[in-house]
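Trainee: Structure, please.
(chains A, B, C and D)
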Protein chains: 2
Amino acid sequence: MVTVSPNKIIRIAIADDVPILRKGLILLLNSYKPCGVDIEANNGEELISKIKSAENKPDICILDISMPVMDGYETLSAIKQYWPNIKVVILSVHYNEYTIIRTVREGASCCLPKEVDTDELFTAIKQVHNKGYYHTELVKHYLNNSMYEDVRKLKLNKNEQEFLRLCCSDMSYKQIALQMELSPRTIDGYRDDLFLKLNIKSRSALVMFALQTGLVTSPSEKA
Amino acid sequence: MVTVSPNKIIRIAIADDVPILRKGLILLLNSYKPCGVDIEANNGEELISKIKSAENKPDICILDISMPVMDGYETLSAIKQYWPNIKVVILSVHYNEYTIIRTVREGASCCLPKEVDTDELFTAIKQVHNKGYYHTELVKHYLNNSMYEDVRKLKLNKNEQEFLRLCCSDMSYKQIALQMELSPRTIDGYRDDLFLKLNIKSRSALVMFALQTGLVTSPSEKA
DNA sequence: AAAGAAAAGGGTGTTTTAACGGTATATAGC
DNA sequence: GCTATATACCGTTAAAACACCCTTTTCTTT
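Mentor: Residues are numbered from 1 along each chain as shown, chains lettered A, B, ... in the order given. Modelled structure (predicted):
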């Protein structure tokens, strides 16, 4: 610590690819006395690079999950690897068992849904800064009571990610196998593995999972 | 018109169930001189009731699609029915052919993705107020070139909505039929109808459609 | 009251999905 | 060298999904 003042401001960095939300959040947080937003980025990669070149590192990073280039899951890992002391708050539309367990187990200090009310957001940030964490009832519930035992299994490898992405379409497993240049049997194995890991029984549920966790983002349609 | 001043402010009403986005948007729009936000609501029903009791009706309503109680699609219909002169801007994460065609054909003056950049949002609002509409390239593209000919077919009835909701799960069609107290054949018919209407061939694509259009919202998980 | 449309129910066949049981190979750690 | 682990691969069977053509019932509409 170089300078410590009694009324030190909580330095905040924000990564979110929705400009109106990001700008709004900045106005909102800056209007709240103890906070100051220094860094904003529209994806994880940009955030990491801005933190690297920042003279004063932020106290807290607020991350969205689904962002282009580098998503919130990866960004969280990178931050915790480079700067373990920076606290991370996940603020996302994706708010489910998978997202909560994966991010909190990876070191997030707090995981909130975007539907959070502004007062609770302020409370959360203050408590994260002072106590190191802020867990909602749902987060507490899943921390005590989750079907996912092993964090490592929550991360999907490249092939699994690609498979999951292709599942979100009209393609049959045979066509997916063809596209990925793998045997249909191998694809069956991927599916069976995911069904087991995620405790689901159908491709429909797999699609639900993919979209709800932000692991697959619907292709932003371009004309 | 009761009072017309040369520098009349554009009166805006906002309905969105995400408080931080709503608050942020209000700060943002109020910081833009020609705009003034008078009404905010966290769902369509609340918005309609606030407009009803408002002395001065808004010029423009900004609507989210996926909201509890009354969603953006229904809210748009209601507004256009009661107050055809109020302009509606759809601002949503849901930005696809279905959403664009359905809202614009129903009378929306503008349909924007939440990823819109703040300058474009300001431009859109100004142009909607002056010219009556603002269409992005993607909106223009779909207006000239859509697979949905008939707007009426875009609206799903109660049974179809319920069916679509239940499709987003691990349930088999047989289980869905049981749950809805209808014959499995009838359910098959619903599916075939939707496949035809939406030009898709699999339940996975149906789930994708349901989530991407906001016609089905993932149940917000509660502990 | 008759015609027509829309919704529900039906039969039958093919294709795809899903559950279960396996083997072979590479490679990283002990 | 052995063991654990991850990856790719294989076969069988049952269930579910999907396609196609058809009838009955229930409403609107005229």
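Trainee: Just give the closest residue to the closest residue to chain B within chain A, not the sequence neighbours.
Mentor: In chain A, the residue that lies nearest chain B is A:Gly24 (1.2 Å; C-beta to the nearest C-beta). C-beta here means a position set from N, CA and C on the backbone, and glycine is covered the same way. Spatial nearest neighbour of A:Gly24, chain neighbours left out: B:Gly24 (1.2 Å); criterion: C-beta to C-beta, 6 or more residues apart in numbering or on different chains.
Trainee: now do A:Leu211
Mentor: The shortest distance from A:Leu211 to any residue other than its chain neighbours is 5.0 Å, reached at B:Leu211 (C-beta to C-beta, 6+ apart).
Trainee: near DNA strand D, which residues of chain A show up?
Mentor: Listed as neighbours of DNA strand D in chain A under the rule C-beta under 7 Å from any atom of the strand: A:152, A:157, A:159, A:182-183, A:185-186, A:188-189, A:202, A:204.
Trainee: What is the lowest-pLDDT residue among those residues?
Mentor: Looking at these by pLDDT, the weakest one is A:Arg152, with 67.
Trainee: about what we covered before: verify the contact between the residue nearest to A:Leu211 and B:Cys167 for me.
Mentor: No: using C-beta atoms under 8 Å, B:Leu211 is not in contact with B:Cys167; the gap is 10.5 Å.
Trainee: Pull the number of nearby residues for A:Gln161.
Mentor: Other residues within reach of A:Gln161 by the criterion other C-beta atoms under 10 Å in any protein chain shown amount to 14.
Trainee: Read off the pLDDT value for it.
Mentor: pLDDT recorded at A:Gln161 is 87.
Trainee: quick revisit: which of the residues of chain A next to DNA strand D are buried?
Mentor: The neighbour count (16 or more other C-beta atoms under 10 Å in any protein chain shown) marks A:182, A:202, A:204 as buried among these.
Trainee: ok, for the first one, nearest residue in space, not its chain neighbours?
Mentor: Pointing back at A:Leu182 there. A:Asn159 (7.8 Å).
Trainee: circling back: what strand or helix carries the residue nearest to A:Leu211?
Mentor: Using DSSP states H and E, B:Leu211 falls within helix B:203-213.
Trainee: CA atoms only for that helix, dumped as PDB, please.
Mentor: Output of helix B:203-213 as PDB, limited to C-alpha atoms (Å, rounded to 0.1, in the frame of the first residue of the first chain):
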ATOM      1  CA  ARG B 203     -37.000 -29.100 -31.000                       C
ATOM      2  CA  SER B 204     -33.600 -27.700 -30.300                       C
ATOM      3  CA  ALA B 205     -34.200 -24.900 -32.800                       C
ATOM      4  CA  LEU B 206     -37.600 -24.400 -31.100                       C
ATOM      5  CA  VAL B 207     -35.900 -23.900 -27.800                       C
ATOM      6  CA  MET B 208     -33.500 -21.400 -29.400                       C
ATOM      7  CA  PHE B 209     -36.300 -19.500 -30.800                       C
ATOM      8  CA  ALA B 210     -38.200 -19.400 -27.600                       C
ATOM      9  CA  LEU B 211     -35.300 -18.000 -25.600                       C
ATOM     10  CA  GLN B 212     -34.000 -15.600 -28.200                       C
ATOM     11  CA  THR B 213     -37.300 -14.000 -28.800                       C
END
